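Colleague: Return a 3D structure for these sequence lines:
(one chain, ligands or ions: 1)
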Amino acid sequence: MPVSQNIYDRPDFFAAYDRLRRSTEGLGGAAEWPALRAMLPTLAGARVLDLGCGFGWFAAYAADAGAGTVLALDVSEKMLERARAINARPAVVYERADLESLTLPANAFDLAFSSLALHYIEALPRLLTEVAGALAPAARLVVSMEHPIYTAPRKPGWVQTPDGARAWALDGYFAEGPRQTDWLATGVVKHHRTLTSLLAMVAQAGFTIETFEEYRPSAVQLSERPDLAEELERPMFLLIGARKRPEEE
Ligand SMILES: C[S@@+](CC[C@H](N)C(=O)[O-])C[C@H]1O[C@@H](n2cnc3c(N)ncnc32)[C@H](O)[C@@H]1O
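Modeller: All right, here's what the predicted structure looks like:
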């Protein structure tokens, strides 16, 4: 089984991540949060699983919205330490786990949630199958991850066009596999898959996809945060809402 790079425990990466708006402001600082929140089922009484919980912003949100229990998992000790310090709630258990080799009890959760963690996972089909097995019948999966157009390039970044504009340099789209990028620190490994592969993986794991969105800023967001205008040039985040399919007889 693959083993996680656990880049978030590297001091230089952690220090840079700690300064991001989504780290200092929580869910309100995550541009895609309103779109992701709209995909959530009722949380009251729900048994929630948070995969790659980071600082625990969603785990705390779910607990505050009445979730019965939240099992919030992450491979990074530093992220978990911060989560326990700033987002502790009686309903939330923060636990160290590597999603590359995670095993879960059957029929134990009503919602599996994951925000911006799944593009780090090499054994994603295995994880999705494990998660499907851990969900109750008809329970929901709500996830965000980096969009394949964002993960594909061998050297992700903007280039200047001859007329002086900026363009996203897309290459390598159909070459699935690991990408070493220099996001926040050097040598960060992410796993690129095409949109077709990602959707097929979710379906093959036992889910019916119900909602699907390539995040783009709303007019209100753009008026409040003009820096988000570059998100109209290429999709950065993919959001999926799915439901566990009944077992075939
Ligand atoms: C971009 S952060 C997102 C954190 C949080 N979900 C949020 O949206 O604020 C990605 C998180 O995924 C975690 N992660 C990456 N690979 C992982 C793995 N193999 N197992 C568990 N967690 C992992 C990282 O440690 C980090 O906390």
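Colleague: CA only for contacts and neighbour counts going forward, please
Modeller: OK.
Colleague: What strands line up against the longest strand along the chain, and which way round?
Modeller: Across the chain, the longest stretch assigned as strand under DSSP state E is strand 135-146. Strand 135-146 pairs in its sheet with strand 109-115 (parallel), strand 237-244 (antiparallel), by DSSP bridges.
Colleague: How about the first one and the ligand, any contact?
Modeller: By that I understand strand 109-115. Yes - Strand 109-115 reaches the ligand (Cα under 6 Å from any ligand atom) through 114-115.
Colleague: chain center to that strand, what's the gap?
Modeller: Taking the mean of its C-alpha atoms, strand 109-115 sits 11 Å from the chain's own mean (Cα atoms, centre = their mean, to the nearest Å).
Colleague: in it, what's buried?
Modeller: Within strand 109-115, the residues scored as buried using 16 or more other Cα atoms under 10 Å are 109-115.
Colleague: Show me what the mean pLDDT comes to for it.
Modeller: Computed over strand 109-115, the mean pLDDT rounds to 98.
Colleague: where along the chain do the strands fall?
Modeller: Counting by DSSP E, residue ranges of the strands within the chain are 47-51, 69-74, 92-96, 109-115, 135-146, 158-160, 166-168, 177-181, 188-192, 207-214, 237-244.
Colleague: quick one, which of those is nearest to Asp12?
Modeller: Distances from Asp12 to each of the strands of the chain were compared using Cα to Cα; the minimum, 11.6 Å, belongs to strand 188-192.
Colleague: Sheet partners, orientation included, of that closest one?
Modeller: Counting by DSSP bridges, the strands paired with strand 188-192 are strand 177-181 (antiparallel).
Colleague: quick one: the partner strand near the ligand?
Modeller: No - Strand 177-181 stays clear of the ligand (Cα under 6 Å from any ligand atom), getting no nearer than 13.2 Å.
Colleague: picking up where we left off before, tell me the angle the longest strand of the chain makes with strand 47-51.
Modeller: Compare the direction of strand 135-146 with that of strand 47-51 by axes from the mean of the first three to the mean of the last three Cα atoms, to 10 degrees and you get 30 degrees.
Colleague: Report how many residues lie close to Ala229.
Modeller: Using other Cα atoms under 10 Å, Ala229 has 15 neighbouring residues.
Colleague: What residues does the residue lying closest to Arg22 once chain neighbours are set aside make contact with?
Modeller: Of all residues not flanking Arg22 in the chain, Gly29 sits nearest, at 4.4 Å (Cα to Cα, 6 or more residues apart in numbering). Taking Cα atoms under 8 Å, 6 or more residues apart in numbering as the criterion, Gly29 is in contact with 21-23.
Colleague: same deal with Arg19?
Modeller: Contacts of Arg19 were listed using Cα under 8 Å, 6+ apart, and none were found.
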